[in-house]
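In: sequence first, predicted model second:
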Amino acid sequence: MKKILYVIVAVLISFSLVFSYPQSIYAKTDSTAYTQSDEDLYNNLADIGSIMKYINDNYIGDVSYEKLKEAALQGIFSSLDDYSTYFTKDEFQDFTKSTSGTFSGTGMVLIEKDGIISVSSVIEGSPAEAAGILPGYIIKSVDGNSVNGLKINDVVKMILGEEGTKVKITFEIGKQLKDIELTRQLIRINPVTYRVIDGIGYIKIQEFNENTTTNLKAALKYMDDKGITKIVLDLRDNPGGLLIEAVNSANLLVPAGVVVTIEGKNKESDIYYSYLKDPKYKLGVLINHGTASAAEILAGAIQDTKIGTLIGEKSFGKGTVQTIIPLSDGSGFKLTIARYILPSGRIIDKSGLSPDIFISNTNENSIFDFKGNLKAGSVGNYVKRLQKSLNLLKFNAGIEDGIFGPKTEKALKDFQLKADIKATGIFDKDTYEALIGMIVNNNKTDTQLNKAVDFLKNINN
């Protein structure tokens, strides 16, 4: 039965895709190049129509041809790869907003934790900043409608709206409720921040949206005005974005030559170049597992041309390119059409970039809940989390195998001595609280950034 259903779904999918092509793509189809494969497809269309009509006439629940088409499209794209996606009309609007870097709203960055939606940060120059909204404010309602039980995306949609319109948000501040009315305005997300750290420039690119290159130019001018030629370029947790913005950014940093080659199917490869004749910056580029796609293109070009040194952890390994196609009904899709090749010829899809200097940061992922005492002989995932935390803090607990053996016991005693706790070798509540406190304190120290700054200080001009 499962196999039959799979075949039916596959046929429905094919039908929906053919008749959902945007005109610009459909017009490129060579009607004379009719193959046996095409004939098989069109012969199946009659069966598809019959199946859809049968479902519509007999299925006991609510159904429509539109719903069947949407489900079929979602099915076909989910069968391809992790990055090919069909978007409904609303989803496609949200997606295009996320890549443009421009939207109409209040300028709050929200975060959801344990069902509570709060303000993580506010965008400079936004209505939220002008109203004095601060990180930590908890959102209780929007225009009188409670957000209790809603997901963060639903709350964001409630807050976004047309430029010039108003929205009233009720915040919980401490134990007090406060209503703040904001007027929505056009927000342009600046993904580039910069400063000087101990004589070394620091530039962070959070994503590659339509505003990236413009703001990177401003950051580099700031460095030029101060005579700074050694720069830490922070691409950690940069998920990528627009290919052309990564290439344009490379033209500000990478010596003349190939930046990336895009290799597609049944077509000549597209080659993107840098035309920068005289690079003037020595770069330390920070990467981690969250560095992906367009960010890996820029980091990879820097590494291959030896204009900079990659520092941190292995990158994500997304080496494919997607095209975005709008459909006439307002929906759309994202399809993987090519893979990229770095200047050296490397293909890093699924393998990622390896840093020249490996160094990890402790992070909040090592924080865990207290579930009771542990001691020599204890086993399980709880022990494994303890071992991981001790290792991240440089107390050698050995292999993270979930077995509380002599090496873990010694590491725990070393930690207890460091934390000024009686060295019992037993992981109790007091030891847990001291461990979490040290992890939080270490999170405030950016080990990777410090390493990059020290590295640049010690290389010759």
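Out: Perfect, thanks for sending it. Numbers count the residues shown, from 1 in each chain.
In: and the helices in the stretch 351-461 of the chain?
Out: 381-392, 406-418, 429-443, 447-457 (DSSP state H, counting those that start in this stretch).
In: tabulate the ones you listed (JSON lines), appending mean neighbour count, mean pLDDT and distance to Thr106.
Out: For every residue, glycine as well, the C-beta is placed using N, CA and C. Shown next, in JSON lines, are the helices of the stretch 351-461 of the chain (neighbours: other CB atoms under 10 Å; pLDDT from 0 to 100; distance: least, CB to CB, whole Å):
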{"stretch": "helix 381-392", "mean neighbour count": "20", "mean pLDDT": "87", "distance to Thr106": "37"}
{"stretch": "helix 406-418", "mean neighbour count": "19", "mean pLDDT": "94", "distance to Thr106": "44"}
{"stretch": "helix 429-443", "mean neighbour count": "16", "mean pLDDT": "84", "distance to Thr106": "29"}
{"stretch": "helix 447-457", "mean neighbour count": "19", "mean pLDDT": "94", "distance to Thr106": "31"}
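In: tabulate those helices in a markdown table, adding columns for distance to Leu327.
Out: As requested, these are exported to a markdown table (distance: least, CB to CB, whole Å):
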| stretch | distance to Leu327 |
| --- | --- |
| helix 381-392 | 46 |
| helix 406-418 | 57 |
| helix 429-443 | 44 |
| helix 447-457 | 43 |
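In: among the ones you listed, which comes closest to Lys168?
Out: With CB to CB as the criterion, Lys168 lies closest to helix 429-443 of these, at 35.4 Å.
In: which elements pack onto the closest one?
Out: The contact analysis (3 or more CB pairs under 8 Å, 6 or more residues apart in numbering; DSSP states H and E) places helix 429-443 against helix 381-392, helix 406-418.
In: rewinding a little: so which of the helices of the stretch 351-461 of the chain comes closest to Asp90?
Out: helix 429-443 (36.5 Å).
In: quick one: the closest one to helix 381-392, angle?
Out: Here helix 429-443 runs at an angle of 50 degrees relative to helix 381-392 (axes from the mean of the first three to the mean of the last three CA atoms, to 10 degrees).
In: mind exporting stretch 269-276 as CSV, just the C-alpha atoms?
Out: Taking Å, rounded to 0.1, in the frame of the first residue of the first chain, the C-alpha atoms of stretch 269-276 are listed here in CSV:
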residue,chain,number,x,y,z
SER,A,269,29.9,27.2,-16.1
ASP,A,270,29.6,30.8,-14.8
ILE,A,271,32.8,32.2,-13.5
TYR,A,272,32.9,35.2,-11.1
TYR,A,273,36.0,37.2,-10.7
SER,A,274,37.7,39.7,-8.4
TYR,A,275,39.3,42.7,-10.2
LEU,A,276,41.2,44.0,-7.1
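In: what sits up against that stretch?
Out: With contact meaning CB atoms under 8 Å, 6 or more residues apart in numbering, stretch 269-276 is reached by 243, 247, 250-264, 301, 338, 341.
In: enumerate the positions of the longest strand anywhere in the chain that are buried.
Out: In the chain, taking DSSP state E as the definition, the longest strand is strand 332-341. Across strand 332-341, burial judged by 16 or more other CB atoms under 10 Å covers Gly332, Phe333, Lys334, Leu335, Thr336, Ala338, Arg339, Tyr340, Ile341.
In: contact partners for the first one?
Out: The one in question is Gly332. With contacts taken as CB under 8 Å, 6+ apart, Gly332 has the following neighbours: Tyr86, Phe87, Phe92, Phe95, Thr96, Ile324, Ile325, Pro326.
In: which of those are buried?
Out: Tyr86, Phe87, Phe92, Ile325.
In: how far away from the center of its chain is the helix or strand harbouring the last one?
Out: Counting by DSSP states H and E, the secondary-structure element that holds Ile325 is strand 320-326. Distance, stretch centre to chain centre, for strand 320-326: 17 Å (CA atoms, centre = their mean, to the nearest Å).
In: and the pLDDT at Tyr86?
Out: Looking at Tyr86, its pLDDT is 88.
In: show me the contacts for it.
Out: Glu70, Leu73, Gln74, Ile76, Phe77, Ser331, Gly332, Phe333.
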